[in-house]
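S.K.: Sharing a model prediction with you, sequence too.
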Amino acid sequence: MATNHNAWLEKFKTFEASLNGQSSQPIHQIRKAAISEFEQTSLPTSADEAWKTVNVSMLSQSDFSLAQPHAEGSITAETLAPYLLPDTIQLVFINGYFAKDLSQISDLPDGVRAESLAEALNNNPDTVPEQFSHVVGSEQLTFTTLNTAFLQDGAYIHIAKNTVCERPIHLLFLSQAENTPTVTHTRNLIIAEDNSQLTLIETYAGINEQTYLTNSVTEFLAGDNAQIDHYKLELETLQGIHIANQHAKLGRSTNITSHAFSIGGAFVRNDVSAHLAGEGCEATVNGLYLLEGNQHIDNYTLLEHAEPHCPSHELYKGILGDRSRAIFRGKILVHQKAQHTDAYQKNENLLLSDNARVNTKPQLEIYADQVKCSHGAIIGQLNDDALFYLQARGISKTEAQSMLLKAFADDIVDRVKIASLRQHLETIIQAKFDRLYHAKETA
Amino acid sequence: MLEIKNLHARVENTEILHGINLTVNPGEIHAIMGPNGSGKSTLAQVLSGHEAYEVTQGEVMYQGQDLLALSPDERAVAGVFLAFQYPVEIPGVNSAYFLRTALNSMRRARGDDEVDAVDFLALLREKLKLVEMDEKFLSRPVNQGFSGGEKKRHEILQMAVLDPVLSILDETDSGLDIDALRIVSNGVSALHGPDKASIVITHYQRLLNHIVPDFVHVILDGRIVRSGDKNLALELEEKGYDWIKKDHASDAVTA
């Protein structure tokens, strides 16, 4: 592991050299501070509580080189087509670099900025860096620190006060690892000022059969009375590793809903946190994960209630086939000041195979006394009685299983407010179910 | 239509049916009565193919084919319908969608065209009248939040939509108030015909005031120990099962 740690430091030197003139900009001080912080920490090992159950060795086995911009013309409209959504403001990133020619950012409404972070840093070298890292506050900072050190590009979204951005903004991140394993440190900064409204969709996908690592950080900084709907589609290849830190800081009466759909990835780690930092704000954090083969997913969530009268809702549902593995750790932290907190958390899992495993752990830390907190976890199998009932009505076993799985997943999918995104997800999920059953039948 | 010969079945390691013999012809209604734990419901579950029950001996022929060789859905496609004693709640599956999927699965399996959403709704509205159910039930998940009576009416609605040849009603009358009982039994009677047959499993004689059986059978300890016409049910109502149990016990001793 130590070797690997040093390898990152070496990489930083190469990276720094490649920046040329850019290394004199203020953002570079942030990078340097991050790498020296990283130097003093270490990459997580299985001995760390938060990574205990994870095979972290897969992170050290491969030497990841920094992903390079794609060759002009190597990504065609056809490659992108399966991931695109209609009627969206669309920012496409290949290997972490903004691809302007593949994006659709013309006709932005007044008050909406949607651009590449590299561009935003170039145009506003002094103001944009100040907006970073106000939010990041996860307990697991190593990868965020690494992300900051190698920070170069990503999305910069800014919704001005009193602005309603009606068209959803879709960020599409495609990894095109070629011959050797590569890493992408994607950084997204989403700022929603007072009384603004935004729908943001993130898609992460890979297009080659090579190991790669996506290390992404997405920060939401929301003012007062803002409305944010966020959807994340994690569609990495089964060779991909996806490590994502997503953090939101909410102002007074602000409402955020975030739905994560985790379909791909050999190893996926999501750290999702919401800091309820304004009175009467509300956070909904939901997730659906569907695993086949040897897939592994960790979902670590933190809902931090710092102010009174804030509800939070959390529902994570998973379907696990084959030898897959899922960890759910849901922490609710209620500060003393946060009276009248109403926090609800639930994790439900459906195991389709005797070899699939789930660990689920709620963690409540409550310092206020007028609080309503509830949590629950379910780990079960498809209901045989329900299967028999459907079969007794002439529905084949395979179709009955598919109906029950769909019903389980729809509980999350139905909450998606955009019809075209819902349909898109249904197609992706159905294909996943077909693979889960194919594996089951040939097992 | 249905011929059950020397049927033995067990669940886990306990044998529950010890040799059932029963013949059902088209146009007939057979009532099966018996005290708790006598094997009535097991018979229904075995006929519809529940995996938990293992047939250890005997055979069941249905319309000339070996019923036991068919999977539950194949039996349904062949026209066998079980009205469940305890209909199962299926969260997340909308009732109307469930019913249309069921009907179309059967039509596909029989080589018929599928029914589209518009035609299906028309069919459904007509059948809803039969069981006096409101359309709003169908936008709910299957059986979820239904009262006991609503669940049973929903079973009869399914029977009306799927139009089976052989219906097995497993204690459909249990727990029903008199209105629901009237609705359910009117439904069953309306769906009966000369080409169809029903096996009505019940605990109580009162259902048989509404659905008049051609034959009444009494099950005790996994065997049919007495058969008769509708008067047998009245006799049971009056005397209880004890007199049959005693007779049966002495039969067993002399046998």
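M.R.: Nice, thanks for sending it over.

S.K.: Please count neighbours and contacts with C-alpha atoms only from this point.
M.R.: OK.

S.K.: ok, which residues in chain B are in contact with chain A?
M.R.: Proximity of chain B to chain A is confined to B:48, B:50, B:72-77, B:81-82, B:87-93, B:101-103, B:105-106 under the rule CA under 8 Å from any CA of the partner chain.

S.K.: who are the neighbours in contact with the residue of the stretch 51-200 of chain B found nearest chain A?
M.R.: Residue nearest to chain A within the stretch 51-200 of chain B (CA to the nearest CA): B:Asp73, separated by 4.1 Å. If you count contacts by CA atoms under 8 Å, 6 or more residues apart in numbering or on different chains, B:Asp73 has them with A:391-397.

S.K.: give me the subset of these touching chain B.
M.R.: Within the contacts of B:Asp73, those near chain B by CA under 8 Å from any CA are A:391-397.

S.K.: now for those residues, which pair is the farthest apart?
M.R.: In terms of CA to CA, the ones next to chain B among the contacts of B:Asp73 reach their longest pairwise distance at A:Arg393 and A:Lys397, which sit 10.8 Å apart.

S.K.: neighbour-wise, which of the two wins?
M.R.: A:Arg393 (30 against 17; other CA atoms under 10 Å in any protein chain shown).

S.K.: can you give me the helices in the chain?
M.R.: If you meant another chain, say so; for now it's chain A. A:2-18, A:26-40, A:57-61, A:77-80, A:117-123, A:142-149, A:384-391, A:397-413, A:419-442 (DSSP state H).

S.K.: The intended chain is chain B.
M.R.: B:40-48, B:72-77, B:95-109, B:117-130, B:148-162, B:178-191, B:207-210, B:230-239, B:242-254.

S.K.: Highest mean neighbour count out of those?
M.R.: helix B:72-77 (a mean of 26; mean count of other CA atoms under 10 Å in any protein chain shown).

S.K.: Quick one: mean pLDDT for that helix?
M.R.: What helix B:72-77 shows for mean pLDDT is 96.

S.K.: hang on, the earlier thing: of all the helices of chain A, which one is nearest B:Lys245?
M.R.: Across these, closest to B:Lys245 is helix A:384-391 (CA to CA), at 33.2 Å.

S.K.: so how many other residues sit close to residue 224?
M.R.: Looking at chain A here, since you left the chain open. Counted with other CA under 10 Å, A:Asp224 comes out at 21.

S.K.: sorry, should have said chain B
M.R.: 22.

S.K.: One more: the one 3 residues further on?
M.R.: The tally of other residues near B:Ser227 (other CA under 10 Å) stands at 18.

S.K.: And the residue of chain A closest to chain B?
M.R.: Counting by CA to the nearest CA, chain A gets nearest to chain B through A:Gly394 (4.1 Å).

S.K.: And stretch A:403-419, what's buried?
M.R.: A:403-410, A:412-413, A:416 (16 or more other CA atoms under 10 Å in any protein chain shown).

S.K.: And the contacts of it?
M.R.: Contacts for stretch A:403-419 (CA under 8 Å, 6+ apart): A:259, A:286-288, A:317, A:319, A:382, A:387, A:422, A:425-426, A:430, A:433, B:90-93.

S.K.: Filter those residues down to the buried ones.
M.R.: For these, a burial check counting by 16+ other CA under 10 Å picks out A:259, A:286-288, A:317, A:319, A:387, A:422, A:425-426, A:433, B:90-93.

S.K.: for those, which one is nearest B:Asp229?
M.R.: Comparing the buried ones among the contacts of stretch A:403-419 against B:Asp229 with CA to CA places A:Leu387 closest, at 37.0 Å.

S.K.: Pretty sure that closest one sits against A:Gln401.
M.R.: Yes - using CA atoms under 8 Å, A:Leu387 is in contact with A:Gln401, at 6.8 Å.

S.K.: picking up where we left off before, OK, contacts around the residue nearest to the residue of the stretch 51-200 of chain B closest to chain A when sequence neighbours are not counted?
M.R.: Here the nearest residue to B:Asp73 in space, its sequence neighbours aside, is A:Gly394; by CA to CA, 6 or more residues apart in numbering or on different chains that works out to 4.1 Å. The contact partners of A:Gly394, by CA under 8 Å, 6+ apart, come to B:72-77, B:102-103, B:105-106.

S.K.: which of these sit farthest apart?
M.R.: Largest separation among these by CA to CA: B:Pro72 and B:Leu103, giving 14.8 Å.

S.K.: now the farthest one out in chain A, which residue is it?
M.R.: Farthest-out residue of chain A from its mean C-alpha position, per CA atoms, centre = their mean: A:Ala392, at 41.2 Å.
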